[in-house]
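Asks: need a 3D model of the sequence below.
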Amino acid sequence: MSATTPDVSSKAYRRYLYAVIVGVMMLNTVDRQVVSILVDPIRTDLGLDDAQMGWILGPSFTLIYAASVLPLARWADRGVRRNIIALGLSVWSVFTLSTAFVQGYVQLFLMRMGVGVGEASASPAIQSLVADTVPPEERAQGLSFISVGAVLGIAVGMAGGGWVNELWGWRVAFLIAGAPGLLMALVVRFTVREPARGQSEGRDATTERRGSLADDARYLLALPAMRWVIVAHAFALLYSSGKIAWEPSFIIRTYEMGTGAAGTWYFLTTPLPSVFGLWLGGWLCDRWITRDERAYVWVPALSLVASLPFMLLFLLWPEDHRIDLGGGLPLFPVAFLWSVASSILGGMHSAPFLSLVQGLARIRMRASAAAIFSLTGTGVGSALGPLVVGYLSRFFAEAYGDDSVRWGLVWLSLGFVLSAIACVFAARTVRDDLSRARAAQEADARTAA
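Replies: Numbers count the residues shown, from 1 in each chain. Got it, this is the predicted structure:
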C-alpha cells in the first residue's frame, strides 16, 4: 500500500463505514419514501386523486433518477466517490426541504424530480466504494448494509412522518426529513476514506483501461446471468415499490388508523423484520457460495417464492380478526403477523443480487455496473409499481371502495413470481459468467502491467 493510499483494511474502519452507509441510505430513503405515509393528507390538501398520487410516488422521482444515474455512476468510476456521495446528499436534502412549500401538483412533481437527481448519486458510488473496501468473501454482507439503511429509512419515514403529520402537518414532516442530510453530507466528506480501485482484491487498478459507457454495457449485457438478474430485480421491485408506496394507505383505509398509528404498525411489521431478512440473505449467500456460486440467485428465488403466500395472507386476511394484547393496548390485527413473515423472506434477495453484479463487473466499471442494474430496476420496477397500484386502485374503486388499494396490491404480487422465474434462468449460466468475469479482470491486470 502506497503512502498516499488510505488504509481501509481494518475491521474497525469497515464497521464505521457500514454505520455511515446505513445513515446515508436511511436519509436517502426517508426523503424518497416519506411521501408514502402522507398520501392522504397531501391528496386532500392539494385536491389530487389516487392516479395523480401514483405519478408522484413513482415516475416523478424515478424518471429523473433513471436519466441521472448512469452519468453520475460514470463520474463515480473516475472521480472521488466520497465527494460525489456528499454532494448528492446535499442536493436531495435541499429538494426535500423545499417540498414543504409547494402549492400545487406541478410544484410537488418538480420537487420529487429534484430528489431523484440527488439520490441517483448515492447507491452506485456506495456499491463501488464497498466493493473496493470489503474482501470478496464478505461482500454480500457488506453490501447488505446498503439495503439495511434503505429499509430503516422506510421505517423512519413512515413512522416518524406519520406522527409529525398528526402533530404539525405534512409540510413540517418534509422539513424534518430533509434537514439531517446536510449534516450527514459533512460527515461523509470529512470522515469516509476513498479506497484505491481494486484494493479489496489486492490489486492496483489505477492504470487499467477505462472503457466507454457503451463498452461497459456491452460487456455486462453479454453475460446471460447479468441480463437475467436485471430482469429478476426489476420484477422484484415492481411489487416491493408498489407495496412500500401504497401499504400505508392500505392500512389507513382498511384498519381505520391515523397516519401516526399506521406508520408505527407499518414500521413494526414491514421495515423492521425486513432488516433481519436483508442481513440473513447476505449471510446465507456468503456461506452458500463457497460450495455453489449459484447461491447468488438461488437465495433470492427461494425467498421470493416463500414470501408470496404470507404476502397474500396479509392482504386478504379479514381485518376484523384481531388479538387482545391486554393492558389497555389496541387490538392487534392478525394479518400483521403474516406481514412480518413476508417481510423477512421478501428482503433476502437484495444483497445477493448486489453482490453478484459487483462480481460480474470489471474493477473499473463497478459503479457503472451498479447503475445499469439500478437503472432497470428503478426505471421499470420503482416507476411502474406505485403507478400501477394507483391506476388499479382507481379501476377497482367503484366496486370495492376503500378496499381498492388491497386488490391493486394483490394483482401486483405476481411480480415476485416472475422475479423467481428469472432467477432460475440466471442459475443456468451464473458460474460460467463469473469465471468469464474473473478472466476479464486478470486480462485487464496483465494489460495494465
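
Asks: quick one: the helices in the stretch 201-350 of the chain?
Replies: 213-221, 224-255, 259-269, 271-288, 295-316, 335-346, 350-360 (DSSP state H, counting those that start in this stretch).

Asks: mean pLDDT lowest for which of those?
Replies: Ranked by mean pLDDT, the helices of the stretch 201-350 of the chain end with helix 259-269 in last place, scoring a mean of 80.

Asks: distance between that one and the chain's centre?
Replies: Put simply, helix 259-269 sits 20 Å off its chain's centre (Cα atoms, centre = their mean, to the nearest Å).

Asks: out of the helices of the stretch 201-350 of the chain, which gets nearest to R32?
Replies: helix 224-255 (9.3 Å; Cβ to Cβ). Where C-beta positions appear, they are placed from N, C-alpha and C, glycine not excepted.

Asks: point out where this protein drops to low pLDDT.
Replies: 1-9, 200-211, 329, 378-379, 382-383, 444-449 (pLDDT under 70).

Asks: nearest to N165, of the helices of the stretch 201-350 of the chain?
Replies: helix 259-269 (4.8 Å).

Asks: what's the angle from that closest one to helix 224-255?
Replies: Orientation of helix 259-269 against helix 224-255 (axes from the mean of the first three to the mean of the last three Cα atoms, to 10 degrees) gives an angle of 140 degrees.

Asks: in helix 259-269, which residues are buried?
Replies: Across helix 259-269, burial judged by 16 or more other Cβ atoms under 10 Å covers 259-267, 269.

Asks: and stretch 53-71, by the same measure?
Replies: 53-66, 68-70.

Asks: then stretch 421-432?
Replies: Buried-residue list, stretch 421-432, by 16+ other Cβ under 10 Å: 421-423, 425-427, 429-430.

Asks: what are the buried residues along the helix or strand harbouring Y16?
Replies: Taking DSSP states H and E as the definition, one finds Y16 inside helix 11-37. Residues of helix 11-37 classed as buried: 14, 17-18, 20-37 (neighbour count, 16+ other Cβ under 10 Å).

Asks: what is that helix packed up against?
Replies: helix 50-57, helix 81-99, helix 105-119, helix 122-133, helix 139-168, helix 170-191, helix 224-255, helix 259-269 (3 or more Cβ pairs under 8 Å, 6 or more residues apart in numbering; DSSP states H and E).

Asks: out of the ones you listed, deepest packed?
Replies: helix 122-133 (a mean of 28; mean count of other Cβ atoms under 10 Å).

Asks: ok so, going back, which ones among the buried residues of stretch 421-432 are found in helices?
Replies: Those of the buried residues of stretch 421-432 mapping onto helices are 421-423, 425-427, 430, per DSSP state H.

Asks: farthest pair in those?
Replies: Longest span within these, Cβ to Cβ: I421 and V430, 15.1 Å.
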